[in-house]
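Participant: Sequence isn't available, so here's the structure alone:
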């Protein structure tokens, strides 16, 4: 059946995840679970997303993006890497000395496990009125330990514990604590449990003051079910589990970051870090806008307001200086548009019977109006379109109704026109063709 031939690419140079790191066996519960409520969303656009930009955000853009995230409902926001640049440090200080941060919004700042950089980070958050999380990270996977850091497991653990002690000494009860074993998905699970046990004890993790353990798929290397197993293993085996907020931070190297995040939530994750529309290093961080609207499409309140998605897109594009693809889920210019005649006919019939109840229009997973889109671009006409779509445009835009015979004959005329031009025919162009054929406008 499959006549494909071997490719010339050197696939033998690569190993699957099971050859790189132990994947601990787990008594899976995630395949039978459902997502019934939104996790805590944590946008990292101002830190992780900003690091990935060819032109990092200037202070005005960072402020505009921050104000957008507050306005649409994010309650925990990673705002920068204050020890990495003066711009980031100054932005955190702006938040500390202004009224930009509402009382119910938690600010997160990011630091490596290095005493000098920790001190700079703690300095940056002095005076912030509300909750502050200091997010410490260290790369823990074997290749990173051996090639980048050149430390043994024990040496790296000592460095991490010294960093966590320094945060505790400098910040104490004034902050909450977060740790990320970077490249968690390629790190030995027993090592992560060892680190988590020490840190949650040192930081006195309790249900009233939980520690955030963030488990990043920093480089996506396996199918999403593997990541789900890795998260569920930690969920089932973490010491002081009631005092830990289990968080995930998937990247999108394999193009399955969304699936990894959704399965991780099924597997016990309570918090998801990512970027609005998925900006980030390489192929990006997980897209927390798509994740939220996926919940909306399943009848679950995402607890973030995307009702003006075009306005949100405009701000994100301005701040990142990057366009959003026209086929990007939910926000892309063309994602609610049908050109195919079969799709157009089904959508037209769905609209004809759709009332105020449950949304049941074929090919449209959500009502475009939910995110502030109109219906004028749902059906657009080109050489692939059919009689139903053409009739829908004339009726919805101009109130011109065609009987069945006229639909067929006029569609043939439109087909000739679009085949000849090779272009889309807009509503005004269809109306002009109609007047040319029938000599009238109604």
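Facilitator: Thanks, I have it. Note that the coordinates shown come from a computational prediction; the quantities given were computed from them, not determined experimentally.

Participant: From now on I want contacts and neighbour counts done on CA atoms only, so please keep to that.
Facilitator: OK.

Participant: Pull out the buried residues from stretch 33-43.
Facilitator: Using 16 or more other C-alpha atoms under 10 Å as the test for burial, stretch 33-43 gives 38, 39, 40, 41, 42, 43.

Participant: end to end, how far does it reach?
Facilitator: Start-to-end span of stretch 33-43 (C-alpha to C-alpha, to the nearest Å) is 25 Å.

Participant: try stretch 19-33
Facilitator: For stretch 19-33, the end-to-end distance is 29 Å (C-alpha to C-alpha).

Participant: follow-up on the earlier one: can you list the buried residues of stretch 33-43 in a markdown table and add pLDDT and distance to residue 370?
Facilitator: Formatted as a markdown table, those follow (pLDDT from 0 to 100; distance: C-alpha to C-alpha, whole Å):
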| residue | pLDDT | distance to residue 370 |
| --- | --- | --- |
| 38 | 98 | 18 |
| 39 | 98 | 21 |
| 40 | 98 | 22 |
| 41 | 98 | 20 |
| 42 | 98 | 23 |
| 43 | 98 | 22 |
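
Participant: now, among those, which is nearest to residue 233?
Facilitator: Checking these against residue 233 by C-alpha to C-alpha gives residue 39 as the nearest, at 18.8 Å.

Participant: gap between that closest one and residue 179?
Facilitator: 18 Å.

Participant: Look at residue 247 and give its secondary structure.
Facilitator: In three-state terms, and counting by DSSP: H, G, I helix; E, B strand; the rest coil, residue 247 is strand.

Participant: next one: residue 151
Facilitator: What three-state DSSP gives for residue 151 is coil.

Participant: and residue 4, how many residues sit next to it?
Facilitator: Neighbour count for residue 4, taken as other C-alpha atoms under 10 Å: 6.

Participant: What are the boundaries of the strands in the stretch 151-300 of the chain?
Facilitator: Here the stretch 151-300 of the chain has its strands, by DSSP state E, counting those that start in this stretch, at 176-182, 211-217, 244-250, 271-274.

Participant: Take those strands and lay them out in JSON lines including mean neighbour count.
Facilitator: Compiled in JSON lines, the strands of the stretch 151-300 of the chain are given as follows (neighbours: other C-alpha atoms under 10 Å):
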{"stretch": "strand 176-182", "mean neighbour count": "24"}
{"stretch": "strand 211-217", "mean neighbour count": "25"}
{"stretch": "strand 244-250", "mean neighbour count": "26"}
{"stretch": "strand 271-274", "mean neighbour count": "26"}
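
Participant: Which one of these lies nearest to residue 417?
Facilitator: strand 271-274 (45.8 Å).

Participant: who does that closest one pair up with?
Facilitator: Partner strands for strand 271-274, per DSSP bridges, with pairing direction: strand 40-43 (parallel), strand 244-250 (parallel).

Participant: Could you export the ones you listed as CSV, including distance to residue 301?
Facilitator: Output for the strands paired with strand 271-274, formatted as CSV (distance: least, C-alpha to C-alpha, whole Å):
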stretch, distance to residue 301
strand 40-43, 12
strand 244-250, 20
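
Participant: what's the closest of the ones you listed to residue 91?
Facilitator: Using C-alpha to C-alpha, these put strand 40-43 closest to residue 91, at 16.2 Å.

Participant: How far off centre is that closest one?
Facilitator: 9 Å (C-alpha atoms, centre = their mean, to the nearest Å).

Participant: how many other residues sit next to the nearest residue to residue 262 once chain neighbours are set aside?
Facilitator: Spatial nearest neighbour of residue 262, chain neighbours left out: residue 291 (7.6 Å); criterion: C-alpha to C-alpha, 6 or more residues apart in numbering. Neighbour count for residue 291, taken as other C-alpha under 10 Å: 23.

Participant: any idea how far residue 257 is from residue 291?
Facilitator: 10 Å.

Participant: Pipe the strands of the stretch 151-300 of the chain into TSV and attach distance to residue 319 and mean pLDDT per row.
Facilitator: Supplementary listing: those in TSV, determined by distance: least, C-alpha to C-alpha, whole Å; pLDDT from 0 to 100:
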stretch	distance to residue 319	mean pLDDT
strand 176-182	27	97
strand 211-217	25	98
strand 244-250	22	98
strand 271-274	16	98
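
Participant: Which residues are in contact with residue 90?
Facilitator: For residue 90, the contact set (C-alpha atoms under 8 Å, 6 or more residues apart in numbering) comprises 82, 124.

Participant: from now on call the first residue 21
Facilitator: With the count now opening at 21, the last piece we talked about shows up as residue 110.

Participant: Which of the three states applies to it?
Facilitator: With three-state DSSP as the basis, residue 110 sits in helix.

Participant: Quick one, grab the pLDDT at the residue nearest to the spatial centre of the chain.
Facilitator: Closest residue to the average C-alpha location of the chain: residue 307 at 1.4 Å, with C-alpha atoms, centre = their mean. pLDDT for residue 307: 98.

Participant: My read is that it contacts residue 292, right?
Facilitator: No. Here residue 307 does not reach residue 292: they are 10.0 Å apart, not a contact under C-alpha atoms under 8 Å.

Participant: got any residues that touch both of the two?
Facilitator: Residues touching both residue 307 and residue 292 (C-alpha under 8 Å, 6+ apart): there are none.

Participant: sorry, back to before: what separates the residue nearest to the centre of the chain from residue 277, distance-wise?
Facilitator: With distances taken as C-alpha to C-alpha, residue 307 is found 8 Å from residue 277.

Participant: Could you measure from residue 95 over to residue 324?
Facilitator: For residue 95, the distance to residue 324 - C-alpha to C-alpha - is 10 Å.

Participant: you'd agree residue 157 is in a strand?
Facilitator: Yes. Under three-state DSSP, residue 157 falls within a strand.

Participant: bridging residues for it?
Facilitator: residue 132, residue 200.

Participant: what about it, distance to residue 42?
Facilitator: Per C-alpha to C-alpha, residue 157 is found 22 Å from residue 42.

Participant: These two: which is more packed in?
Facilitator: For residue 157 versus residue 42, neighbours defined as other C-alpha under 10 Å are more numerous around residue 157 (20 against 15).

Participant: residues contacting the nearest residue to residue 237 once chain neighbours are set aside?
Facilitator: Counting by C-alpha to C-alpha, 6+ apart, residue 270 is the residue found nearest to residue 237 once chain neighbours are left out, at 4.6 Å. Contacts for residue 270 were tallied using C-alpha under 8 Å, 6+ apart; they are 236, 237, 238, 239, 240, 277, 280, 281, 293, 294, 305, 306.

Participant: again, but for residue 431
Facilitator: Shown in contact with residue 431 (C-alpha under 8 Å, 6+ apart): 406, 407, 410.

Participant: Over to residue 368?
Facilitator: When contacts are counted by C-alpha under 8 Å, 6+ apart, residue 368 touches 408, 409, 412.
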